[in-house]
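Peer 1: the following block contains a protein sequence and its predicted model.
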Amino acid sequence: MQHTDNHMKAYYNSKGQRVMRVSQVIKRLAKEQIAMWANMLGFKGVSYKKELERTADIGSLCHDVLEHFVNPNKLAIIDYEAYGLDEWSIPEAKKALMSFFAWYKNNKERFKVLHTEFVVVGETLGGTIDCIVESWYNKDKVIFVDYKTSGDVYLTQYLQLAAYVMIYEEVYGKDTVDGVMILRLDKKHGRPAEGKLIRYKDLKMFMIMFKSLFEVAYCEEMLNGVYKEMIETIY
């Protein structure tokens with residue numbers, strides 16, 4: 001199985017203009033969380049950059065395998081080395097996959113996949129949705145699924161999904177999405193994954209918050225290039 005690299009993917013709108021990635025906006029909010037995590041790892045004598053790369057490699061492998069899970073022929077051989085995984089990371093990657101398939105075994109009847117790695121681009125934002133499934137509440141709507149191997153679910157994860165909903169509605173129309181779900185894979189023990197769903201009716205505050213973050217991120221991008229020209233030096 002080949003490694004699909006979505007890192008720093010560029011998105012272009014209908015006018016051919018490059019737009020901001022959803023992940024760029026989310027990073028504005030996640031800076032404090034990342035700093036706390038880096039400090040915690042430092043106390044343990046673990047390199048933040050190395051641990052970030054290691055967990056990212058586990059996530060990349062899981063995303064790629066699950067992208068093709070409907071085709072068992074593509075799951076026969078997994079090249080762990082292609083993902084930069086070492087002896088420490090491989091057991092966690094295997095347990096994360098075990099976690100998904102244990103969950104899927106109990107939910108395959110309603111987990112009807114429509115799209116994987118689905119790119120959606122609006123006029124100002126773009127992103128890639130891990131998985132889109134048919135809603136089990138309303139077959140005319142969809143649910144977005146994001147695979148995570150983190151120890152918990154976080155606000156930023158749902159903000160990212162809420163942003164995808166906003167872009168999706170911009171492109172495909174209102175009343176098309178039924179909810180968003182984080183599917184948290186257990187990379188430590190391989191226990192069945194947990195699906196953490198938020199219905200569309202409860203996403204309004206997430207959308208409002210993301211819009212505010214986008215305004216800040218957009219202004220920061222614009223000002224970073226020109227603010228020094230506005231400065232008048234007084235001696």
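Peer 2: Structure's in. What do you need?
Peer 1: next up, the contacts around residue 234.
Peer 2: Shown here is residue 234, which makes no contacts under the criterion Cβ atoms under 8 Å, 6 or more residues apart in numbering. C-beta: built from backbone N, CA, C; applies to glycine.
Peer 1: ramachandran angles for it?
Peer 2: phi -110, psi 120 (degrees, to the nearest 10).
Peer 1: what's the answer for residue 121, then?
Peer 2: The phi and psi torsions at residue 121 (degrees, to the nearest 10) take the values phi -130, psi 130.
Peer 1: thought it was touching residue 11?
Peer 2: Yes: Residue 121 lies in contact with residue 11 (Cβ atoms under 8 Å); the separation is 4.7 Å.
Peer 1: overlap in contacts of those two?
Peer 2: Taking Cβ under 8 Å, 6+ apart as the contact rule, the neighbours common to residue 121 and residue 11 are 19, 127.
Peer 1: return the distance of the residue sitting nearest the centre point of the chain relative to residue 156.
Peer 2: If you average the C-alpha coordinates of the chain and look for the closest C-alpha using Cα atoms, centre = their mean, you land on residue 146, 5.8 Å from that point. Distance check for residue 146 against residue 156: by Cβ to Cβ, to the nearest Å, it reads 11 Å.
Peer 1: same question for residue 194.
Peer 2: Note on residue 194: its distance to residue 156, by Cβ to Cβ, is 18 Å.
Peer 1: ok, residue 148 next?
Peer 2: Applying Cβ to Cβ, the value for residue 148 to residue 156 is 11 Å.
Peer 1: can you check residue 234 too?
Peer 2: 41 Å.
Peer 1: now residue 180
Peer 2: From residue 180 across to residue 156, the span is 13 Å (Cβ to Cβ).
Peer 1: for this structure, what spans make up the helices?
Peer 2: Using DSSP state H, the helices found in the chain span residues 22-43, 48-67, 89-107, 155-172, 204-226.
Peer 1: point out the most buried one among the ones you listed.
Peer 2: Among the helices of the chain, ranked by average contacts under mean count of other Cβ atoms under 10 Å, first place goes to helix 155-172 (a mean of 20).
Peer 1: same for it, what does it pack against?
Peer 2: Of the remaining helices and strands, those touching helix 155-172 by 3 or more Cβ pairs under 8 Å, 6 or more residues apart in numbering; DSSP states H and E are helix 22-43, strand 113-121, strand 125-134, strand 142-148, strand 177-184, helix 204-226.
Peer 1: what lies in contact with that helix?
Peer 2: Under the criterion Cβ under 8 Å, 6+ apart, external residues in contact with helix 155-172 comprise 22-23, 25-26, 29-30, 33, 120-123, 125-127, 129, 144, 146, 148, 150, 176-177, 180, 182, 198, 200, 203, 206-207, 209-211, 213-214.
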